[in-house]
Structure formats: C-alpha cells, structure tokens
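S.K.: Here is my input; please provide its structure:
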Amino acid sequence: MLIDLRSDTVTRPTAGMREAMATAEVGDDVYGEDPTVNALEAEVAALFGHEAALFCPSGSMANQIALQLLVPPGAELLCDADAHVVTYEMGAAAAYGGMTSRTWPAVGAEIDPDGVAGMIRPDGYWAVPTRAIAVEQTHNRGGGGVIPLATLRELRQVADAAQVALHCDGARIWHAHVADGVPLATYGALFDTLSVCLSKGLGAPVGSLVVGAADKIERARVIRKRMGGGLRQAGILAAAGRYALAHHVDRLAEDHAKAARLAEAIAPFGVLAATVRTNLVPLDLTKAPLDAPALAAAARAEGVLVSVLGPRTARLVTHMDVTDDAVTRAATILTRIF
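M.R.: Now for the predicted structure:
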C-alpha cells in the first residue's frame with residue numbers, strides 16, 4: 001500500500017466519524033435551521049472564546065471571508081510572503097475582496113513584530129492604508145512552525161497601537177495548541193478573526209469555520225452566500241467536525257512524534273530545512289544530489305508519496321492514516337534514496 005505523506009488533507013473519515021455523519025440531525029443551514037451545524041458553530045466559538053462562528057466549505061473560503069470582514073476594497077493586508085492567504089488562495093483577496101496585499105520576507109514562525117509595525121501605513125499621505133495583519137498558525141510553508149505566544153502578544157499590541165485588525169489563519173492551530181500547550185481561548189483572545197480547519201489533521205472530510213464577534217459573523221453569512229458557500233443539509237458534514245473535535249485533537253501528539261521520527265532519519269543527509277515542531281517535515285534539497293521532482297518520483301516508485309513545493313523544496317506530512325509501521329518503512333525508503 002502507498003504511504004501518503006503529501007498532506008494531512010488526504011485523511012479519510014474513521015468508522016466512528018462515518019457513523020456520526022450517517023446519524024446526524026439535519027436541516028436547512030441557509031435558513032439557520034441545521035441543528036448540527038448550529039451546535040458545531042457554537043462549540044468552536046466557545047473553544048476560542050468568541051461570540052460566534054460560521055461553518056464554511058473550505059479553509060480558503062473561511063480565510064477570504066474573514067479578510068473581507070477586516071479589509072475594505074482598496075485597503076491593504078499585511079502578511080508574510082509565504083502566507084497561505086497570498087500563496088495558495090488563487091489571488092482571492094484581490095479578486096473577491098478588492099484588497100491589496102503587501103508582504104514581509106518569508107520567515108515562517110519567526111516573525112519580527114517591530115518589523116511588521118514599521119510596515120503599517122496609516123490613513124493619509126496618499127498611500128494605501130493598512131487595515132489588517134494576517135499570520136498563520138501553524139505555518140504551512142514554514143515547516144509547521146509554531147509562532148510563540150509572546151510573539152503573538154506583541155503583534156496584538158502592534159495592531160492595537162496602529163488601530164488595525166489581526167487575523168489568524170489557524171488551519172493547523174490545533175497542532176500549535178497540542179505542541180505548546182497554549183489554550184485555544186488564549187489564542188482566540190489575541191485575534192479579531194480566526195479561520196480554523198477540520199479537514200487536515202483532525203480528519204474530517206470537509207469544512208472550516210470563521211470565528212469572531214457576533215456582528216462580524218452575521219456579515220460573514222452574507223459574504224459566504226455571495227461566494228457560493230450557502231449550504232443546505234450540512235449537518236452531515238458538521239457532524240464529522242464535531243466528532244473530530246471530540247476524538248482527534250489530543251491524538252495530534254502522535255502525528256508530531258511520527259514526524260520527529262522521520263526528521264531524525266533524514267537529518268544526517270542535510271536536507272532537513274527546519275526544526276520539526278508539529279506534523280510537517282520540510283526538506284531543502286538545494287545541496288542534495290536530486291531535486292524535489294526526482295525525489296518524489298524515486299519515492300513513489302517505492303510506495304511513498306512526497307509533496308513537491310518547488311524545484312528544490314519538498315515536504316513530508318504525518319497524519320492519522322500513517323501508522324507507526326508506515327513511518328518506519330518510509331524512513332527506510334527515504335534513507336536509501338538519499
């Protein structure tokens with residue numbers, strides 16, 4: 001069988017999750033009448049200490065809805081050059097939100113709050129005004145790095161001083177919570193809006209949520225409908241998310257341990273790009289004898305799927321569908337290839 005280390009998005013619903021989906025109580029969510037969706041939204045909002053949340057089909061939609069809540073057309077969003085919101089969301093901030101984006105150099109989780117503060121443009125001076133800052137927790141292209149709580153608190157101070165908003169792309173914030181032990185409500189208190197994903201490490205088949213104040217989430221419902229995200233009997237999907245929250249958060253520590261094993265196996269070959277904190281193992285093949293496509297091809301030939309992020313950049317991702325035995329076999333195969 002193939003060992004799929006491309007992403008944690010490839011996870012499949014467990015038997016218990018499928019049963020929860022099959023027995024879910026449902027209604028029309030556009031009318032606000034799906035009890036399972038309503039329960040999921042209330043649960044996630046409470047976890048992060050916010051007033052409300054909105055269930056969305058995808059993380060990209062959740063991010064873009066949140067950004068439209070914070071940044072009006074013609075205004076500016078600040079984020080890092082490798083941020084998901086400007087790298088993997090097909091230019092949606094400009095195409096749908098009419099906003100401009102400006103980035104600081106890609107440093108993953110190692111953000112300099114003073115540097116960010118120096119980029120903020122106030123109203124006036126005939127310059128595009130900054131309206132929000134976005135950060136990613138954990139950082140995807142930053143190798144699953146966890147932004148330290150102290151850094152986030154400094155960024156909150158920066159945002160408050162400049163009177164701009166702070167958004168968290170929290171697609172893998174559950175991993176940060178498990179890795180550093182920071183309560184979800186502590187993270188939630190630092191941000192005006194968050195997007196949180198159920199379909200990566202938590203193993204749900206689909207779904208993310210926008211989290212924020214009640215008035216913002218009412219506006220978010222309108223934006224979601226405008227973007228084609230209105231759902232009907234979505235309780236079948238929300239039930240998978242509720243099951244994931246109940247059963248799959250604490251077990252993320254197992255994925256972190258598996259990633260650490262893979263990192264230890266390949267560390268002697270000098271391709272490990274960063275310290276592995278969560279379930280992502282970033283590879284820098286700049287000085288390796290094979291590039292990323294060649295590595296992926298060689299690994300696939302032996303039953304291991306690897307994600308290619310660039311000509312000399314690759315990534316391994318552990319998740320609930322990768323067993324301990326699979327990690328051992330993958331480590332052996334990758335060691336042989338290197």
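S.K.: which residues touch Gly181?
M.R.: By CB atoms under 8 Å, 6 or more residues apart in numbering, Gly181 lies in contact with nothing. (C-beta placed from N, C-alpha, C; glycine too.)
S.K.: okay, the closest residue to Gly144 other than its chain neighbours: pLDDT?
M.R.: Sequence neighbours aside, Leu280 is the residue nearest to Gly144 in space, at 3.0 Å (criterion: CB to CB, 6 or more residues apart in numbering). Leu280 is assigned a predicted lDDT (pLDDT) of 98.
S.K.: do Trp126 as well
M.R.: Reading off the model, Trp126 has pLDDT 87.
S.K.: again with Cys197
M.R.: 98.
S.K.: what helix or strand is Thr151 on?
M.R.: Assigning secondary structure by DSSP states H and E places Thr151 in helix 149-162.
S.K.: Run through the strands of the stretch 1-150 of the chain in chain order.
M.R.: With DSSP state E, counting those that start in this stretch as the criterion, the stretch 1-150 of the chain has strands at 3-4, 52-56, 76-80, 100-104, 130-136.
S.K.: Same list (the ones you listed) but as TSV, adding mean pLDDT, distance to Ala46 and mean neighbour count.
M.R.: Below are the strands of the stretch 1-150 of the chain laid out as TSV (pLDDT from 0 to 100; distance: least, CB to CB, whole Å; neighbours: other CB atoms under 10 Å):
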stretch	mean pLDDT	distance to Ala46	mean neighbour count
strand 3-4	98	34	20
strand 52-56	98	9	26
strand 76-80	98	27	24
strand 100-104	97	32	16
strand 130-136	98	23	26
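S.K.: Please name the nearest non-neighbouring residue to the most centrally placed residue in the chain.
M.R.: The centroid of the chain falls nearest to Ala171 when counting by CA atoms, centre = their mean (2.1 Å). Nearest residue to Ala171, sequence neighbours excluded (CB to CB, 6+ apart): Cys197, at 4.1 Å.
S.K.: I'd say that neighbour and Gly59 touch.
M.R.: Yes: using CB atoms under 8 Å, Cys197 makes contact with Gly59 at a distance of 4.6 Å.
S.K.: Show me the strands in the stretch 151-300 of the chain, by range?
M.R.: 165-170, 193-197, 208-212, 280-284.
S.K.: got a pLDDT number for the closest residue in space to His50 that isn't next to it in sequence?
M.R.: In space, and not counting its chain neighbours, His50 is closest to Val211: 4.9 Å by CB to CB, 6+ apart. With respect to pLDDT, Val211 scores 98.
S.K.: residue contacts, Val211?
M.R.: With CB under 8 Å, 6+ apart, Val211 has these contacts: Val44, Ala45, Phe48, His50, Ala52, Ala53, Gly188, Thr193, Leu194, Ser195, Val196.
S.K.: for Met21, same thing?
M.R.: Taking CB under 8 Å, 6+ apart, we find Met21 in contact with Pro13, Ile236, Leu237, Ala239, Ala240, Tyr243.
S.K.: go with 7 Å
M.R.: Residues near Met21 by CB atoms under 7 Å, 6 or more residues apart in numbering: Pro13, Ile236, Ala239, Ala240.
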